[in-house]
Each structure stands twice: as C-alpha cells, then as structure tokens.
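Chemist: Need a 3D model of the sequence below.
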Amino acid sequence: MQEFKISKEDSGQTLIKYLNRLLKDAPSSLLYKQLRKKNITLNGKKTEGNDKLKEGDVIFVFMSDETIAKFKGVSTRNTTEYEKAFSRFGKPDIVYEDEHVLFLNKPIGVLSQKSVPSDLSANEWLIGYMLNKGETDASKLSFFTPSVCNRLDRNTGGLLTFGKTLFGTNTLNACLKDRSLHKYYRTIVLGEFKEPLRDDGYLVKDATLNKVFISKDPCDNADRIETYFVPKRYNPITNITELEVELITGKSHQIRAHLASLSHPIAGDVKYSDKSQNAFYKAELGLNHQVLYAYKMVFPKLEDYEALSLNTFIADFDSFFDKFF
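Modeler: Now for the predicted structure:
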C-alpha cells in the first residue's frame, strides 16, 4: 500500500485524472475497478473517481509496491526543443513570477505557441527557462507540462500568462474563461481618435483568408464583440493617435478588425489596412507589423490566490511608443 498526499499544485483536478497521470500505464478500466473494490480510496472513503481534489487530500492505493512501480512506468520527456528555445531567446523579460505562474513580456516576433511542429515559441522558451532554473526536469515533464494560457499574435507584444503548475494553470484558465481577468492594450491608429468609445458589433471569421470581419448587425455564424477605446495622445504631424483598448469580449483579431471597421486601422497592420496606408506606415513610421501591445492585466478577487487577487500587472512598453510622439 502507498499513500499520496495532494499538494496545492495537484489540486483542482478530478481523482481519476490524477490517477491516470500517476499510474499512466494502468488501463482506466482497471483503475475504476480498483475504485469500486475500495482498493483505491480518497481520505479513507470509497469514491467513484470524479471528486475534485483539494490540497491535503490523501489517496490510498492498496496495491503492492511492485505493481504501483510497474503502472507508474519509467519514461522521461525529451527536453531538446525547450533547451534550444531558451538558448535562442535568452533570459525572458519576466513581469511577475511565483511558484505557480509566470507573466512574460513577450517580444514582438515571437510566437505564443507552435503553429507547426518545427516552431520554437514562447511556450518552449519558458519551459526551457524552468529547466535552466531547476524547477522542472525530464521526468517531471512526463507527468505535467507547464504551458502558455492566453495567446498573442506573433507581432503583438506584451503580457503572456504561463502556468508553471496545475494549480496555476487552472487558475489562469478559469479567469480567462469567465472573463474576470481584465486585459488592456496600447496601440497606435491612423487618424485622430477624438473621444472615448465603447463599441459593439458582430465578428465573422473567414477561414480561407485567415481574417475576420465586423458587422454592425447580427448575422449567421457571428460572435458578438465589445471593445472600449480611450485616446491617450495625438500626433498632428503624422496624424496618428495612441489608444488604450480594453477587451470586453475576447475574440481572435478583435482589436485589429474592430479598429479597421471604424476607419482607424492599427499602424503597420498589413492584414487590416489598404496598400496606401501600408506605404505610409513603412515610409513615415518605419513599420512592417502592427503596433499593438498587451500592456496591463487586472485580476479579480481570488480567495485561494492572494498573490494575484485584485492585483494589477503592467509590462514596460513606453519606450516603444514614445518614438512615435
């Protein structure tokens, strides 16, 4: 018999999911059978396996040490790509880090996650960073793989959330899913944007063009969107405005397409502006990518995560924007 005490990192998942990870070579049918026969118990009681685990819970597995060792298996994750990503990108610009989460100030030009298997993205970079610090290793990665929780376009810089543990990942994913995590961006648009505007519409995806389009009226296969724009400063010489943007909803390319639909395309955005505007961005502003930065996150009240609860995190972006004004 062996017992396994649940840490904060392992809390939040179901018992059967934990057992599938712990005893990865054991068939699920066998695990359910052992639960029914009380050969696996939770806090000394019979369970069907769908209980959500809490920190401090104790799982008792009434099998021989040899059987448990066999079902655990001996395998390790190949860490080459993580080490290669850390070597390529170097020390990351960390805005905040604790034992469960990390917030990266992602550089422009770096993917959040792989598009094709050969890519090296921020996801591999940050796992490589953890390997370099000794916070994980090949055997631990075979049990749990840390990961990026939100996505930014390759040419959008700023705050990227990363779960180092299961607890951290679950917390971030829950805040993103229920939209209680408020995300703010800074951008530069063509033209003078004079007054704050809270605007809504309907976003339609065109998969063949890899673009989205905004309609003011409801239509088939459209998602309702809402965005809040606040002008910060205007440059009359180049006729550009710096905006703060709050995502009320969060859809792919929402900010870029929404501003283009308002006739204020983002500076350097070759996908959502026309050729003459693109020529202006390159000639006058020296741009060949959109100027969009995820600069601030505000967390909701979190009863079980005091370090993040009601806290605000801001990435350094001023030096990039100041050159335009």
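
Chemist: Unless I misread the structure, F71 falls within a helix.
Modeler: Yes. F71 forms part of a helix when assessed by DSSP: H, G, I helix; E, B strand; the rest coil.

Chemist: which ones are touching it?
Modeler: With contact taken as C-beta atoms under 8 Å, 6 or more residues apart in numbering, F71 is in contact with 23-26, 63. To be clear about C-beta, it is placed using only N, CA and C from the backbone, and glycine gets the same treatment.

Chemist: what do you get if the cut-off is 6 Å, keeping everything else the same?
Modeler: 23, 25-26 (C-beta atoms under 6 Å, 6 or more residues apart in numbering).

Chemist: Next: L120.
Modeler: Contacts of L120 (C-beta under 6 Å, 6+ apart): A85.

Chemist: Quick check: it is in a strand.
Modeler: No. L120 is assigned coil when assessed by three-state DSSP, not a strand.

Chemist: From H253, how far off is it?
Modeler: 24 Å (C-beta to C-beta, to the nearest Å).

Chemist: again with Y82
Modeler: Applying C-beta to C-beta to Y82 and H253 gives a distance of 29 Å.

Chemist: and those two? which has more neighbours close in?
Modeler: Y82 (26 against 19; other C-beta atoms under 10 Å).

Chemist: The lengthiest strand in the chain - contacts with which helices or strands?
Modeler: Criterion DSSP state E: the longest strand present in the chain is strand 222-235. Helices and strands touching strand 222-235, as assessed by 3 or more C-beta pairs under 6 Å, 6 or more residues apart in numbering; DSSP states H and E, comprise strand 197-206, strand 240-247.

Chemist: let's go with 8 Å and repeat that
Modeler: The helices and strands touching strand 222-235, judged by 3 or more C-beta pairs under 8 Å, 6 or more residues apart in numbering; DSSP states H and E, are strand 197-206, strand 240-247, helix 254-261.

Chemist: which one of the ones you listed lies closest to Y96?
Modeler: When those are compared by C-beta to C-beta, strand 240-247 sits nearest Y96, at 19.9 Å.

Chemist: between the longest strand of the chain and helix 254-261, how many degrees?
Modeler: Here the directions of strand 222-235 and helix 254-261 differ by 70 degrees (axes from the mean of the first three to the mean of the last three C-alpha atoms, to 10 degrees).

Chemist: Name the strands paired with strand 222-235 and say parallel or antiparallel.
Modeler: Strand pairing for strand 222-235, using DSSP bridges, gives strand 197-206 (antiparallel), strand 240-247 (antiparallel).

Chemist: Determine which stretch of those strands is the most buried.
Modeler: strand 240-247 (a mean of 21; mean count of other C-beta atoms under 10 Å).

Chemist: avg pLDDT for it?
Modeler: What strand 240-247 shows for mean pLDDT is 96.

Chemist: got the CA coordinates for it in PDB?
Modeler: Only the C-alpha atoms of strand 240-247 are listed here, as PDB (Å, rounded to 0.1, in the frame of the first residue of the first chain):
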ATOM      1  CA  ILE A 240      -1.700  59.100 -35.600                       C
ATOM      2  CA  THR A 241      -3.400  58.500 -32.200                       C
ATOM      3  CA  GLU A 242      -2.300  56.400 -29.300                       C
ATOM      4  CA  LEU A 243      -5.200  54.400 -27.800                       C
ATOM      5  CA  GLU A 244      -5.800  52.400 -24.700                       C
ATOM      6  CA  VAL A 245      -8.000  49.400 -25.600                       C
ATOM      7  CA  GLU A 246     -10.000  47.200 -23.200                       C
ATOM      8  CA  LEU A 247     -11.300  43.900 -24.400                       C
END
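
Chemist: Alright, that wraps it up for me.
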